[in-house]
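A.B. asks: Here is the input, now give the coordinates:
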Amino acid sequence: MVEAARDWHKEMLNGLQVPGPSFVGKFRGEAGIAENWEVKIGGHSCVEAAQVADELTQFQATLRRAVAYLDEHLPPDAEPVADDIAAILDLCAWVHAEWARIHPFMNGNGRTARLWANSLAMRYGLPPFVRLRPRPHGGYADAGKRAMRGEWEPTATVFFQMFRDFLDESDGGD
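C.D. replies: Next up, the predicted model:
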């Protein structure tokens, strides 16, 4: 699962001018990039580079359990009902917030987190409701700051609103 994000990162940044192109697709703390490259977002420190690999291992284990649970409880061809949608959006929010907190790449973490959210939404029959670029509005930045402190719930609140807005727009505002 985490390796998929590495591929997404490479593809997403392909052809873009990025500082340090050799960092594309590499996690902080890996061989070949500055092992002590630390990141602060909005005054909050991200996971230390030396801890990124361990944090990603925990992230992947938790994500696998959550996906296995949803896979077991949500029929693949069934239209999700309100409780299902809530569970899916919560998972999307947790994954996004946790990826932002870990901040495994040197750059492009927000876009990768949004890809995670959209990937999970589509897996369970929801549309890709989080735009990749430009960065979303409507409390997204504030939720991101709280995610840096390990609080994923504000991201869920923002995602529920984004999802409702997406549906309203796709229905022509009716």
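
A.B. asks: what's the nearest residue to residue 99 if we skip its chain neighbours?
C.D. replies: Once flanking residues are discounted, residue 99 sits nearest to residue 113: 4.1 Å by Cβ to Cβ, 6 or more residues apart in numbering. In this view, the C-beta of every residue, glycine as well, is placed from N, C-alpha and C.

A.B. asks: Would you map the helices across this structure?
C.D. replies: 2-13, 52-73, 82-102, 109-123, 140-147, 153-170 (DSSP state H).

A.B. asks: Residues contacting the second one, please?
C.D. replies: Contacts of helix 52-73 with the rest of the structure, by Cβ atoms under 8 Å, 6 or more residues apart in numbering, involve 1-2, 27-30, 47, 87-88, 91, 94-95, 98-99, 102, 104, 120, 123-124.

A.B. asks: For that helix, what is the distance to the chain centroid?
C.D. replies: For helix 52-73, the separation from the chain centroid amounts to 13 Å (computed by Cα atoms, centre = their mean, to the nearest Å).

A.B. asks: Tell me the buried residues in that helix?
C.D. replies: 52, 55-56, 59, 63, 66-67, 70 (16 or more other Cβ atoms under 10 Å).

A.B. asks: Next: the first one.
C.D. replies: Across helix 2-13, burial judged by 16+ other Cβ under 10 Å covers 5-6, 8-9, 12-13.

A.B. asks: Can you list the low-confidence ranges for this protein?
C.D. replies: When the per-residue scores of the chain are filtered using pLDDT under 70, the ranges that remain are 32-36, 40, 42, 172-174.

A.B. asks: For PyMOL, what selects the buried ones among the contacts of helix 52-73?
C.D. replies: Those of these that count as buried under 16+ other Cβ under 10 Å are selected in PyMOL with:
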select buried, resi 27+28+29+47+87+88+91+94+95+98+99+102+104+120+123+124
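
A.B. asks: mind putting the buried residues of helix 2-13 in a markdown table, distance to residue 131 included?
C.D. replies: What follows is the buried residues of helix 2-13, written out as a markdown table (distance: Cβ to Cβ, whole Å):
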| residue | distance to residue 131 |
| --- | --- |
| 5 | 18 |
| 6 | 22 |
| 8 | 16 |
| 9 | 18 |
| 12 | 13 |
| 13 | 17 |
